[in-house]
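1. next input, structure requested:
(2 chains)
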Amino acid sequence: KQEVTQIPAALSVPEGENLVLNCSFTDSAIYNLQWFRQDPGKGLTSLLLIQSSQREQTSGRLNASLDKSSGRSTLYIAASQPGDSATYLCAVSNAGNMLTFGGGTRLMVKP
Amino acid sequence: DVKVTQSSRYLVKRTGEKVFLECVQDMDHENMFWYRQDPGLGLRLIYFSYDVKMKEKGDIPEGYSVSREKKERFSLILESASTNQTSMYLCASSLLRGATTSTDTQYFGPGTRLTVL
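-> Numbering: from 1, shown residues only, chains lettered A, B, ... in the order given. Presented below is the predicted three-dimensional model:
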């Protein structure tokens, strides 16, 4: 059974820092990996989707990488801002568009 | 833009009540999903559906049922609510029917925070 782990569980950084969130998964037979953002009490918003054949995806200050063979992904956030404060969730897709989620990293960016 | 709406943001019910959580998507998506989210346990899949009148159990279906009478609407039913069903419930939808694809993503609703007293 697929298991997804995110480290760290929580992170607090000063504004302007570059930071890296980590995600690992146990079964490398995935179709894609996604990073989501969740604000307190809200639903999930998709940030980046990396197909299994890809190595990375970029959107603005966000860059996500995927190393399928080692079962790892990182989300890099450049020049962090207070508005980036949220929980970031990693999810992998196996057959049938089923998603398995990690526990999330709760990020706080202090002004 | 894809829009997934859920009938209530907050709901308070009593133990033993029958509870209906409604989810509607407006983009003609084939797949719909119900999750619950709890601190320390993350998101767990309760039920999903690939088509009208079709349903499949997820990881934690016990105590729940679902209904999909129309393509755009997927309902989660708690037949007899219990305190351990107090949680945040999230609905999601995605485009492609059941098939394996590397580009499909799920779109989430805003969530319903259910409290069972």
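2. list the helices and strands the helix or strand hosting residue A:50 packs on?
-> If you go by DSSP states H and E, residue A:50 is part of strand A:44-51. The elements that strand A:44-51 packs onto, with contact taken as 3 or more Cβ pairs under 8 Å, 6 or more residues apart in numbering or on different chains; DSSP states H and E, are strand A:32-38, strand A:56-59, strand A:62-67, strand A:72-77, strand B:107-108. C-beta here means a position set from N, CA and C on the backbone, and glycine is covered the same way.
3. what residues does chain A put near chain B?
-> A:31-32, A:34, A:36, A:41-46, A:49, A:51-53, A:89, A:93, A:95-99, A:101-104 (Cβ under 8 Å from any Cβ of the partner chain).
4. how many neighbours does residue 41 have?
-> I went with chain A, as the question did not name one. 11 (other Cβ atoms under 10 Å in any protein chain shown).
5. wrong chain, I was asking about chain B
-> Around residue B:41 there are 11 other residues, counting by other Cβ under 10 Å.
6. mind listing what it touches?
-> By Cβ atoms under 8 Å, 6 or more residues apart in numbering or on different chains, the residues touching residue B:41 are residue A:103.
7. read off the pLDDT value for it.
-> Looking at residue B:41, its pLDDT reads 85.
8. point out where chain B drops to low pLDDT.
-> B:1-2, B:96-103 (pLDDT under 70).
9. rerun at 80
-> Residues of chain B meeting the criterion pLDDT under 80: B:1-2, B:96-104.
10. looking at the sheet around the most centrally placed residue in it, what are its partners?
-> Computing the C-alpha centroid of chain B and ranking residues by Cα atoms, centre = their mean puts residue B:34 first, at 2.3 Å. Note on residue B:34: beta-bridge partners by DSSP bridges are residue B:47, residue B:91.
11. just the one 4 residues further on next, same as before
-> Beta-bridge partners recorded for residue B:38 (DSSP bridges): residue B:42.
12. give the full set of residues in contact with it.
-> B:44, B:87-88.
13. can you redo the residues you listed as TSV with secondary structure and distance to chain A?
-> Converted to TSV, those look like this (DSSP: H, G, I helix; E, B strand; the rest coil; distance: Cβ to the nearest Cβ, whole Å):
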residue	secondary structure	distance to chain A
B:44	strand	8
B:87	strand	13
B:88	strand	8
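14. before we move on, back to that, what residues does the strand holding residue A:50 touch?
-> A:31-38, A:56-59, A:62, A:64-66, A:73, A:75, A:88-89, B:90, B:92, B:102-103, B:105-108.
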